[in-house]
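[1] take a look and give me a structure for this.
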Amino acid sequence: MKNLPWTNYLIEFVTVVLGILLAFGLNTYYNNLKEEERVSHFLEGVHLEIEENAAEVNEKLTYHKGILKELSSNPEKVILRLKAPRVKKYAWQIAQDNSISQHIPYELYKQLAEIYAVQRVLDQNSSEASIMMSHLNVLSPFYIVGVDVGEEEAHEFAKNVKSGWKPIFEDFITSEEELIELYNEVLIKF
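    The predicted model follows:
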């Protein structure tokens, strides 16, 4: 027992511990690389989705500005039709379901969350306004049926009813412009 090679045992013990620590370190490094790759993949999907949404909102913004211009100059001739932007949110939902918020800067996550909140509100408002507009376009000529009104009074009625939609289109335009601004701010960060 006196001649036990304690030094050899100690060297073997240290070597085994270092090997285990190195294996854990390499495993952690590999997992972090995989996680960064995964986050990058999700962010690329969100980036593409925002680019597509920005193009869609820009297109509808141009249309809504044209309707607003017509409402200002010749409201009785306008057929009210709100073309709601069909913005997507699938990449964002998938990214959130995969806990992306833990792996990206807080400011970027906050901006992305704001974009998708504004999109959600715009979708809800678009749905409600579209329903109201379809009723107005179909029923407004019949509101004056049975009432003895002249052609000029009927035109004045149509003009007044449709002019009442100017603030709604102004609100949509403002929301769409806000959304475009948010898109541009985030796209710079990607």
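
[2] next secondary structure after the lowest-mean-pLDDT helix or strand in the chain?
    Across the helices and strands of the chain, mean confidence by mean pLDDT, DSSP states H and E is lowest for helix 151-163: a mean of 67. Reading on from helix 151-163 to the C-terminus, the next helix or strand found by DSSP states H and E is helix 166-189.

[3] may I see the buried residues of that next one?
    By neighbour count on 16 or more other CB atoms under 10 Å, the buried set for helix 166-189 is 168-169, 172-173, 175-176, 179, 182-183, 186. Every residue, glycine included, has its C-beta placed from N, CA and C.

[4] which of those residues lies closest to I104?
    V186 (11.4 Å; CB to CB).

[5] how confident was the prediction at the closest one?
    With respect to pLDDT, V186 scores 92.

[6] might one say that it is in contact with Y116?
    No: at 10.6 Å, V186 does not count as touching Y116 under the criterion of CB atoms under 8 Å.

[7] pull the longest helix from this structure.
    helix 6-73 (DSSP state H).

[8] tilt between the next helix or strand after it and helix 6-73?
    Note on helix 6-73: by DSSP H and E, the next helix or strand toward the C-terminus is helix 90-97. Between helix 90-97 and helix 6-73, the angle comes out at 140 degrees (axes from the mean of the first three to the mean of the last three CA atoms, to 10 degrees).

[9] what's the first helix or strand after helix 90-97?
    Downstream of helix 90-97, the first helix or strand assigned by DSSP H and E is helix 106-139.

[10] for that next one, which helices and strands make contact with it?
    Under the contact criterion of 3 or more CB pairs under 8 Å, 6 or more residues apart in numbering; DSSP states H and E, helix 106-139 touches helix 6-73, helix 166-189.

[11] let's go with 6 Å and repeat that
    In terms of contacts (3 or more CB pairs under 6 Å, 6 or more residues apart in numbering; DSSP states H and E), helix 106-139 is packed against helix 166-189.

[12] OK, contacts around F190?
    H47 (CB atoms under 6 Å, 6 or more residues apart in numbering).

[13] state the distance from the residue nearest in space to the middle of the chain to V46.
    Most central in the chain under CA atoms, centre = their mean is Y116, positioned 3.4 Å from the mean C-alpha point. Going from Y116 to V46 by CB to CB, to the nearest Å gives 9 Å.
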